[in-house]
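# Take a look and give me a structure for this.
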Amino acid sequence: MKITLESTDDIYSIQTEDGGSIEARLWKGKTEGGIEILAFITRIGTRTEGEQMELERELIARAPPVPVEFIPDMHGRS
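Residues are numbered from 1 along each chain as shown. You can find the predicted model right below:
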């Protein structure tokens with residue numbers, strides 16, 4: 001399966017099993033079949049330091065992230 005993702009400016013605080021929390025950026029996307037998905041990504045790695053620096057520049061080029069306190073409902077329910 002392939003998924004195409006686009007980053008958003010939304011950052012969520014995700015609760016961990018040990019009672020802590022970790023920040024995750026919300027990415028929106030679609031599967032090859034057209035199913036809309038949400039992905040909460042906490043880390044992205046690249047093969048080289050240069051690629052990592054470029055990735056970080058691309059993410060920073062977006063508006064600064066805004067923390068949010070709820071997980072969006074893709075089906076329009078509150």
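
# for this protein, what are the low-confidence residue spans?
Scanning the chain for pLDDT under 70 picks out 62-78.

# ranges for the helices of it?
Assigned by DSSP state H, the helices in the chain fall at 49-60.

# Kindly list the longest strand within it.
strand 3-15 (DSSP state E).

# Packing partners of that one?
strand 21-31, strand 36-41, strand 66-68 (3 or more CB pairs under 8 Å, 6 or more residues apart in numbering; DSSP states H and E). In this view, the C-beta of every residue, glycine as well, is placed from N, C-alpha and C.

# what's the angle from that strand to helix 49-60?
Here strand 3-15 runs at an angle of 80 degrees relative to helix 49-60 (axes from the mean of the first three to the mean of the last three CA atoms, to 10 degrees).

# partners of strand 3-15, with directions?
Strand 3-15 has the following sheet partners, assigned by DSSP bridges: strand 21-31 (antiparallel), strand 66-68 (parallel).

# still on that earlier bit, buried deepest among the helices and strands packed on strand 3-15, which one?
strand 21-31 (a mean of 15; mean count of other CB atoms under 10 Å).

# Might you calculate how far that one sits from the centre of the chain?
Centre-to-centre, strand 21-31 and its host chain are 2 Å apart (CA atoms, centre = their mean, to the nearest Å).

# just stretch 8-16 next, same as before
The answer for stretch 8-16 is 8 Å, by CA atoms, centre = their mean.
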